[in-house]
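Visitor: model the following, please.
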Amino acid sequence: MKGITQRTFNQYLGRQASQEELRHISDAEVAAIYRKLYWDKCLGDALADGLDLAVFDAAVNTGPREAGKLLQRIVGAPADGVLGPKSLAAINKYIAAEGLPKVIDAYTEARQAYYRLLPTYVNFGEGWRKRTENVGRLAKSLGQLSAV
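Guide: Below is the predicted model:
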């Protein structure tokens, strides 16, 4: 159902949806779910180009709270998993000091380290590793394009 799990669909609707409803989910609903439950929660509109993609992808894969914690740890913000104005200030300060490519590289490595600790890494690790590397490369490219 277009990458949306039953649990996520239920969360979005605020009620138990039927499997039939999920099977017929519209593209507009899918976009709204990704925006509300992932992009907005990880401040996608406020993050630097490229970093927004990396954090959004992590949010979809690990949940927005874990994606936020990974970034907060890198930039030295309290790692509560809730990205807000204080986290954003710390992120922007860190980018100004270290450069966006370094932040994206650190985030990519933090994701890899997180996945390696999961008991399911044995089964899914290779896919996660490839996905994370590909997203990291694309994120750096987007960051470089926006700097031009």
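
Visitor: relative to its centre, which residue of this structure is most distant?
Guide: Distance from the centre of the chain peaks at residue 20, with 28.2 Å (C-alpha atoms, centre = their mean).

Visitor: can you check the pLDDT for it?
Guide: Per-residue confidence at residue 20 stands at 94 (pLDDT).

Visitor: which secondary structure element contains it?
Guide: In this structure, residue 20 sits in helix 19-23 according to DSSP states H and E.

Visitor: could you list the domains of the chain?
Guide: The chain is divided into the following domains under automatic domain parsing: 1-39, 48-147.

Visitor: mind telling me which of these the model trusts least?
Guide: Set side by side, the domains of the chain give their lowest mean pLDDT on domain 1-39, at a mean of 93.

Visitor: which parts of that domain are buried?
Guide: Of the residues in domain 1-39, 4, 8-9, 12, 22, 25, 29-30, 33-34, 37-39 count as buried by neighbour count, 16 or more other C-beta atoms under 10 Å. In this view, the C-beta of every residue, glycine as well, is placed from N, C-alpha and C.

Visitor: from the chain's centre, how far out does the top helix by length along the chain sit?
Guide: Across the chain, the longest stretch assigned as helix under DSSP state H is helix 121-147. How far helix 121-147 lies from its chain's middle: 11 Å, per C-alpha atoms, centre = their mean, to the nearest Å.
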